[in-house]
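Colleague: turn this into a structure:
(one chain, ligands or ions: 2)
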Amino acid sequence: KDFFRVVNNGHLGTSQKMTKPADSRLVLLGNPGVGKSALVVRFITKRFIWEYDPTLECTYRHTTMVDDENVSMEILDTAGKGESIHQEGNINWGEGFLLVYSTTDRESFEDIVNLHQHIASVKKTQNFSCVLVGNKNDLTHERKVGQEEAEQLAVDLSCCFFECSACDGGEAVDESFKELHRDVVRRRMVNSMRRRR
Ligand code: GDP
Ligand code: MG
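Modeller: Ligands and ions are numbered 1, 2, ... in the order given. Predicted coordinates:
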């Protein structure tokens, strides 16, 4: 339990604001039930927990090694539909987005495009960091979304793509968070160089 802190409204309380800001602010978005909460808990605790309150929104602070460097991330696990109006504050807050669908749920995959457009309209740019994550690939008999079509979508959105399972604990869960972190840092550097020119 002390691995993560549940904070009211999904945002950090004042005590945490005093501490050094995190190196990246990441947000999980995707339809209800795709496994966002399971993924973030797997990433942070290396465990799988079957049931979460689907309405709970919370922010986690996590420190981990990325490319031999100790980095801190703030990770917001959202609840509810991604394109909904109430997500705007979350989208403004976030620097990188895990766009999560379930390989067993076609609609959750088809909604990713809308989600991406929604972020672009809130951010007023297509230039933001995201990764596409297809979760629940342990459920091979219930697969409704092919790997190739997801790869194609990732090309269209110019982002990385990972297929994974929050319950089998492969490398892909870790890599999706870490790659998103790298992209946030990279993009921040490029943007600040552009501004200086
Ligand atoms: P969220 O609404 O996106 O946060 O989804 P949850 O994390 O609450 O997960 C929804 C349901 O899917 C729960 O019953 C989880 O146990 C289940 N689940 C999540 N990830 C996986 C996975 O990778 N494989 C399987 N088989 N079930 C999963
Ligand atoms: Mg959840």
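Colleague: identify the residue nearest Glu88 in space, chain neighbours excluded?
Modeller: Counting by Cβ to Cβ, 6 or more residues apart in numbering, Glu88 lies nearest to Val122, which is 5.5 Å off, once chain neighbours are set aside. The C-beta positions use only the backbone N, C-alpha and C, and glycine is treated the same way.
Colleague: for the one you found, what are its contacts?
Modeller: Glu88, Ile91, Asn92 (Cβ atoms under 8 Å, 6 or more residues apart in numbering).
Colleague: over to Thr78?
Modeller: Gly10, Val27, Leu28, Leu29, Lys36, Glu57, Gln87, Asn90.
Colleague: where does the second one sit, in terms of helix or strand?
Modeller: So that's Val27. Secondary structure from DSSP states H and E places Val27 in strand 24-29.
Colleague: picking up where we left off before, could I get the phi/psi values of the residue nearest to Glu88?
Modeller: Note on Val122: backbone dihedrals following degrees, to the nearest 10 are phi -70, psi -40.
Colleague: cool, Thr59 as well?
Modeller: Taking degrees, to the nearest 10 as the convention, Thr59 sits at phi -110, psi 140.
Colleague: got any ranges where the protein has weak pLDDT?
Modeller: 1-18, 82-86 (pLDDT under 70).
Colleague: how about the residues of it that lie near ligand 1?
Modeller: Along the chain, the residues adjacent to ligand 1 under the rule Cβ under 6 Å from any ligand atom are 30, 32-38, 50-52, 54, 135-136, 138-139, 165-167.
Colleague: list only buried entries from those.
Modeller: The neighbour-count test (16 or more other Cβ atoms under 10 Å) marks Gly30, Val34, Gly35, Lys36, Ser37, Ala38, Tyr52, Asn135, Lys136, Ser165, Ala166, Cys167 as buried among the residues of the chain next to ligand 1.
Colleague: of these, which belong to helices?
Modeller: Lys36, Ser37, Ala38 (DSSP state H).
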